[in-house]
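>>> With the sequence up front, the predicted model follows.
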Amino acid sequence: MYYTTLQKGCGKARRILQKGEMLIGSACLAVMLVMMLLNIFFRYILSKPIYYSDELNNYLFIWMSFLSAAYVMGNDGHVRVTAIVSLLPKRGQLWIKVVMDLIMVVVFFQYIAPSLRMLSRLKLSNMMRIPLKYVYVIMPIVFLLMCIHILVNVVEEFTRLALLKTDAAQANGGV
């Protein structure tokens, strides 16, 4: 019962984070589409292009890409090679996954501080003249989001390990 409550809590935390990631990422995509269509209209119909359109779309694409990486991390959907790991028993597979996830948390957490330091060194954008720190602030945010997603995955993996142990004990007559 404790394990199912823990899994439900982790699932709820994941859904909340992913809804935010999906909402902001979708808004970025929508603004990109509108901006491209407006620029086409202004450029070819009115012969007055929107000069900052490409730059804005690049920045929106950066945000959308980083947020999609965090979203996929929440679903544990990133590409991985499992040819050897899949040969192990289920408990071994889960332990390998836990170790790999913990390594990823350490790596992503290590990226947060340097990316924050980088923000202070950025200048203004070329066309829009906005501080680039507002564009690239998504990097430390997403590294933190990915750490949270991975830690939620680790909690769920430990829960699965505990349930496997419980199932094995019940299969052996409750020993």
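Nice, thanks for sending it over.
>>> Start and end of stretch 119-137, how far apart?
Using CA to CA, to the nearest Å, one end of stretch 119-137 lies 7 Å from the other.
>>> any idea whether the residue nearest the centre of the chain is helix, strand or coil?
By CA atoms, centre = their mean, the mean C-alpha position of the chain lies nearest to A70, the distance being 0.4 Å. Per DSSP: H, G, I helix; E, B strand; the rest coil, the local secondary structure of A70 is helix.
>>> by contact count, what packs against the helix or strand of the chain with the lowest mean pLDDT?
Least confident element among the helices and strands of the chain, by mean pLDDT, DSSP states H and E: helix 138-171 (a mean of 84). Judged by 3 or more CB pairs under 8 Å, 6 or more residues apart in numbering; DSSP states H and E, helix 138-171 is in contact with helix 2-40, helix 53-74, helix 90-119. From N, CA and C alone the C-beta is placed, and that goes for glycine too.
>>> Need these in TSV (columns: mean pLDDT and distance to I150).
Output for the helices and strands packed on helix 138-171, formatted as TSV (pLDDT from 0 to 100; distance: least, CB to CB, whole Å):
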stretch	mean pLDDT	distance to I150
helix 2-40	89	11
helix 53-74	94	6
helix 90-119	91	5
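>>> Show me the one of those that comes nearest R129.
Shortest distance between R129 and the helices and strands packed on helix 138-171, using CB to CB, is found for helix 53-74: 10.0 Å.
>>> Not counting its own residues, what contacts that closest one?
If you take CB atoms under 8 Å, 6 or more residues apart in numbering as the criterion, helix 53-74 is touched by 14, 17-18, 21-22, 24-25, 28-29, 31-32, 35-36, 38-39, 78, 125-128, 135-136, 138-139, 141-142, 145-146, 149-150, 152.
>>> again with stretch 85-94
96-97, 157, 160-161, 164.
>>> Give me the buried subset of those residues.
97, 157, 160-161 (16 or more other CB atoms under 10 Å).
>>> so how far is S53 from the residue nearest to the centre of the chain?
A70 sits 26 Å away from S53, taking CB to CB, to the nearest Å as the criterion.
>>> go on, P140?
With CB to CB as the criterion, P140 and S53 are 27 Å apart.
>>> cool, W95 as well?
50 Å.
>>> Kindly report the same for V85.
46 Å.
>>> And stretch 77-96, what's buried?
For stretch 77-96, using 16+ other CB under 10 Å, the buried residues are 93-95.
>>> Make TSV from those residues and add distance to T4 to it.
Conversion of those to TSV gives the following (distance: CB to CB, whole Å):
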residue	distance to T4
Q93	21
L94	17
W95	21
